[in-house]
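> My questions concern the predicted model and sequence given below.
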Amino acid sequence: MENRLTHEASAFIDFRDYKFQDPRAHGFRWVDIKQLRLPKESAGVRELLVALIGHEQFQNNYAGSEVLTEGSRHGPYQLRLVTPDDDEAVSREKSADVLSGWATQFEDVPAKLEADLQREVFDRLVSADHIYYLNGLEDEAIHEWRRMHEDFHEFVLIDQSAGRISLLVAADDRVGHMAVVERGGDSRDHGRSRGRSPSRVTAP
């Protein structure tokens, strides 16, 4: 069945592109945003969540690969086990608190990063009519790679007036970097193969 959501744009914010007071405070963190156009005909929230999970842009393991059209993983989870029932409806305040606490867990973020997060993340929260937080999956849903991230926060933002739905993932590559170092490699190489959008947000 044809998916009625249309991918419009993506953005990627890599905390390593910004200058923190403590050079380790970036924590190998990043934010990935995928924006899709809603169908012209009206659709219920659950129907939109089903369409998003079924969209090829959802088939991303967030572990160094781009979208895989035949992928079986979504972040740390088995794609087939992710359903709309795992998405918890949350308020703008709660979602902002989660993301702000995650971003500033080591120290306050640099001014340029704060501005980019405001534009790409927090402004989207303000304009969203519905916000859902992927928060219902148990350990049995985790795929065979186990957890690749220390933190993995996923939000779905539905903005009816703008006619868009955004998939926002805030996570890190710390586990992968530690594994590379333990093998004697250069941790700076880990994550370089991650798909970067042409609209990537970077510091000057």
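Done, it's in. Residues are numbered from 1 along each chain as shown.

> Walking through this structure, point out its strands one by one.
Using DSSP state E, the strands of the chain run over residues 6-14, 29-37, 73-74, 77-78, 87-89, 130-134, 152-159, 164-172.

> and stretch 20-29, which residues are buried?
By neighbour count on 16 or more other C-beta atoms under 10 Å, the buried set for stretch 20-29 is 20, 25-29. (Each C-beta comes from the backbone N, C-alpha and C, glycine too.)

> Tell me the predicted confidence for the residue nearest the centre of the chain.
Closest to where the C-alpha atoms of the chain average out (C-alpha atoms, centre = their mean) is Val169, at 1.2 Å. Note on Val169: pLDDT of 95.

> Contact partners for it?
By C-beta atoms under 8 Å, 6 or more residues apart in numbering, the contact set of Val169 is 31-33, 62, 75, 152-155.

> switch the cut-off to 6 Å
32, 154 (C-beta atoms under 6 Å, 6 or more residues apart in numbering).

> on that earlier part again, ranking the strands of the chain by mean pLDDT, which is last?
strand 73-74 - the lowest mean pLDDT of the strands of the chain, at a mean of 79.

> pLDDT below threshold where in this protein?
For the chain, the stretches flagged by pLDDT under 70 are 1-2, 64-71, 136, 138-149, 175-204.

> Pull out the buried positions in the top helix by length along it.
For the chain, the helix that runs over the most residues, judged by DSSP state H, is helix 92-103. Within helix 92-103, the residues that count as buried by 16+ other C-beta under 10 Å are 95-96, 98-99, 102-103.

> Quick check: the closest residue to Arg73 other than its chain neighbours vs Ala171, distance?
In space, and not counting its chain neighbours, Arg73 is closest to Asn61: 4.1 Å by C-beta to C-beta, 6 or more residues apart in numbering. Distance, Asn61 to Ala171, by C-beta to C-beta, to the nearest Å: 11 Å.

> Glu88 too?
In terms of C-beta to C-beta, Glu88 sits 18 Å off from Ala171.

> With His26 instead?
Taken as C-beta to C-beta, the span from His26 to Ala171 is 13 Å.

> Same check on Ser10?
15 Å.

> these two touch, right, Gln35 and Thr6?
No. Look at Gln35 against Thr6 with C-beta atoms under 6 Å: they stay out of range, at 9.8 Å.

> Tell me, how many residues neighbour Thr6?
By other C-beta atoms under 10 Å, 13 other residues sit near Thr6.

> need the contact list for it.
By C-beta under 6 Å, 6+ apart, Thr6 lies in contact with Arg37.

> what about 8 Å?
36-37.

> coming back round to it: any residues in contact with both of Asn61 and Ala171?
What both Asn61 and Ala171 touch, as defined by C-beta under 8 Å, 6+ apart, is the set Gly75.

> re earlier: quick one: which of Glu88 and Ala171 has more around it?
Using other C-beta under 10 Å, the more surrounded residue of Glu88 and Ala171 is Ala171, with 22 against 12.

> Before I go, just wanted to say thanks for your time.
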